[in-house]
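Colleague: Structure for this input, please:
(4 chains)
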2 protein chains.
Amino acid sequence: MKKINETSCKREAILDSALELIAEKGFHGASTDLIAKKANAGVGSIYRYFASKDILITELYKELLSNIKRDMLIGYKNDGPIKEKFIHLCGALLQFFISSPIEFKFLEQYSNSPYGISCRREQVFGEDSDLLKMFRDGQKAGLIKKLPPSVLLALIFGPIITMARDHIQGIAEMNDKKILKNAVEACWDAIASH
Amino acid sequence: MKKINETSCKREAILDSALELIAEKGFHGASTDLIAKKANAGVGSIYRYFASKDILITELYKELLSNIKRDMLIGYKNDGPIKEKFIHLCGALLQFFISSPIEFKFLEQYSNSPYGISCRREQVFGEDSDLLKMFRDGQKAGLIKKLPPSVLLALIFGPIITMARDHIQGIAEMNDKKILKNAVEACWDAIASH
DNA sequence: AAATCAAGAGTGAACGTTCACTCCGCGCGG
DNA sequence: CCGCGCGGAGTGAACGTTCACTCTTGATTT
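Modeller: Reported below is the predicted structural model:
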């Protein structure tokens, strides 16, 4: 109960607590008092590890993002056909969102807030990310529509995020793996030239 | 400066002020003090017309929604080909968002908040809306993929909302009418069977 | 082995600020 | 002189943040 590796146990407890409370109640429902209580800590302890609540939140965001990137690249082969690579990346992202509702809700809160205005999707996938490279290659090969990258991204992330949200909010059941696969393929149809 | 028709001038001023401030600064940046100041009113006057800030906000949402519905149905013909009707409705929605950035920002704030959790897209288009009817007709005619309505809706609204947001936040330029048209047609490709 | 001590993790009452909301007084038309 | 539309100082609750403090731990001294 003291230290694990190099990071203190309390710090992790505070991060976990904040993640869950923000996912559940939003930024303004997750007060420092509540975060501390849920982490079995005093309010003061939060400020031993984070200079402010804002910094705690951006720290949480950064850790989450690197987890997603790691997950998405598991089993990813850079030398397959473009469509296959696309289906892999999008399928993995949708799968992550659906199997991690708390993390997804937090990310939604973060994106729709002053925090997330500056850093948008281009940060999820860096300037020369796998996806953007894939777009250029696909367009050269005549496989992908000649639309601006921002539009292509919207055609992909829009549906994925909407479906994940609907699933998590209980509006639509997305447990059927086959429907998920069909949905990702529909995203491909949106960006593919015919 | 007293009354116009049956609704007081002040009430409208307060609604307008709240719309703009919430769009600009979010719910928690738009305090009652600010709303009153911008409307050239006292805080007390807000509570003469609305029982609470929450009620003011939901009132704003309701008025906005009926405006959108009205706009979307201008020039809509119920007897054309399915694809044409689809392009009209989606194009009109995207056009509305892009040409009404303040209203769009407010709607985003509203949807991503405790207010909007219960009422989601199904309220934008009622149970037996034009869109859902169109899905059923299109599926019978073999024109539209046999996916659940929630997935079809996500494939359409996801990209439209994402593009509108990117445009309004200055991330992507959507002034080119041709790109907008291509984008809406890409949405059709997503739901069309091949 | 016991006593001592320094360091720093951990705490929560208290503070200043901000918020939604109340309440009372003002000015004006009838 | 009354009543109504209105304004804005006032109010208590809740918030993020601070700080003076206690407690735990492991090394050092006796």
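Colleague: Next, count neighbours for the closest residue to chain B within chain A.
Modeller: Proximity of chain A to chain B (CB to the nearest CB) peaks at residue A:158, 2.9 Å away. Heads up, the C-betas are built off the backbone N, CA and C, glycines and all. As a burial measure, residue A:158 scores 26 neighbours (other CB atoms under 10 Å in any protein chain shown).
Colleague: Mind telling me what element it is part of?
Modeller: helix A:149-168 (DSSP states H and E).
Colleague: For chain A, what lies in contact range of DNA strand C?
Modeller: On the criterion CB under 7 Å from any atom of the strand, DNA strand C has as its neighbours in chain A the residues A:8-11, A:40-45, A:47-48.
Colleague: Those residues into TSV, with extra columns for neighbour count, secondary structure and pLDDT?
Modeller: Output for the residues of chain A next to DNA strand C, formatted as TSV (neighbours: other CB atoms under 10 Å in any protein chain shown; DSSP: H, G, I helix; E, B strand; the rest coil; pLDDT from 0 to 100):
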residue	neighbour count	secondary structure	pLDDT
A:8	15	strand	66
A:9	11	helix	83
A:10	19	helix	91
A:11	20	helix	93
A:40	11	coil	95
A:41	18	coil	94
A:42	13	coil	95
A:43	13	helix	95
A:44	9	helix	94
A:45	18	helix	95
A:47	15	helix	96
A:48	12	helix	94
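Colleague: Dump those to a markdown table, plus distance to residue B:167.
Modeller: A markdown table is the format used below for the residues of chain A next to DNA strand C (distance: CB to CB, whole Å):
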| residue | distance to residue B:167 |
| --- | --- |
| A:8 | 45 |
| A:9 | 46 |
| A:10 | 44 |
| A:11 | 40 |
| A:40 | 46 |
| A:41 | 43 |
| A:42 | 46 |
| A:43 | 42 |
| A:44 | 45 |
| A:45 | 43 |
| A:47 | 40 |
| A:48 | 43 |
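Colleague: where exactly do the helices run in chain A?
Modeller: Using DSSP state H, the helices of chain A run over A:9-25, A:32-38, A:43-49, A:53-72, A:82-99, A:101-111, A:114-118, A:121-124, A:130-140, A:149-168, A:177-191.
Colleague: How about the contacts made by the closest residue to residue A:67 other than its chain neighbours?
Modeller: Computed as CB to CB, 6 or more residues apart in numbering or on different chains, the closest residue to residue A:67 that is not its neighbour in sequence is residue A:103, at 7.8 Å. With contacts defined as CB atoms under 8 Å, 6 or more residues apart in numbering or on different chains, residue A:103 is in contact with A:19, A:23, A:64, A:67, A:96-97.
Colleague: ChimeraX command to pick out the buried ones of those residues?
Modeller: Burial among these is assessed by 16 or more other CB atoms under 10 Å in any protein chain shown; the matching ChimeraX selection reads:
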select /A:19,23,64,96,97
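Colleague: from the contacts of residue A:103, which single one is nearest residue A:83?
Modeller: residue A:96 (20.5 Å; CB to CB).
Colleague: could you measure that closest one against DNA strand C, distance?
Modeller: Distance of residue A:96 to DNA strand C, given as CB to the nearest atom of the strand, to the nearest Å: 31 Å.
Colleague: Who are the contact partners of that residue?
Modeller: A:68, A:71-72, A:103.
Colleague: To what extent is residue A:153 buried, counted in neighbours?
Modeller: Count around residue A:153 with other CB under 10 Å applied: 26.
Colleague: Give me the pLDDT for it.
Modeller: At residue A:153, the pLDDT value in this model is 93.
Colleague: Hmm, it is touching residue A:129, no?
Modeller: No - counting by CB atoms under 8 Å, residue A:153 does not reach residue A:129; the two are 10.2 Å apart.
Colleague: List of residues touching stretch A:167-177?
Modeller: A:97-98, A:101, A:104-105, A:163-164, A:166, A:180, B:117, B:120, B:122, B:148, B:150-151, B:154.
Colleague: Could you list the buried residues of that stretch?
Modeller: Buried, per 16+ other CB under 10 Å, within stretch A:167-177: A:167-168, A:171-172, A:174.
Colleague: before we move on, what about stretch A:84-95?
Modeller: Within stretch A:84-95, judged by 16+ other CB under 10 Å, the buried ones are A:85-95.
Colleague: Show the contacting residues for the residue nearest to residue A:36 when sequence neighbours are not counted.
Modeller: Residue nearest to residue A:36 in three dimensions, not counting chain neighbours: residue A:43, with 4.5 Å by CB to CB, 6+ apart. Shown in contact with residue A:43 (CB under 8 Å, 6+ apart): A:32-33, A:36.
Colleague: These, buried ones only, as a ChimeraX selection?
Modeller: Entered in ChimeraX, the line below selects the buried ones among the contacts of residue A:43, by 16+ other CB under 10 Å:
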select /A:32,36
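Colleague: give me the residue from chain A nearest DNA strand C.
Modeller: Closest approach between chain A and DNA strand C, counting by CB to the nearest atom of the strand: residue A:44, at 1.7 Å.
Colleague: where's that residue relative to residue A:29, distance?
Modeller: Applying CB to CB, to the nearest Å, the value for residue A:44 to residue A:29 is 21 Å.
Colleague: and if you look at residue A:182?
Modeller: The value you get for residue A:182 to residue A:29, if CB to CB is used, is 36 Å.
Colleague: again with residue A:92
Modeller: 31 Å.
Colleague: so where's chain A shaky on pLDDT?
Modeller: Within chain A, the ranges that satisfy pLDDT under 70 run A:1-8, A:117-128.
Colleague: What residues does chain A have near chain B?
Modeller: Within reach of chain B by CB under 8 Å from any CB of the partner chain, chain A has these residues: A:26, A:28, A:108-109, A:112-114, A:117, A:120, A:122, A:145, A:147-148, A:150-151, A:153-155, A:157-163, A:166, A:169, A:171-172, A:179, A:182-183, A:186-187, A:189-192, A:194.
Colleague: Right, I'll call it a day here.
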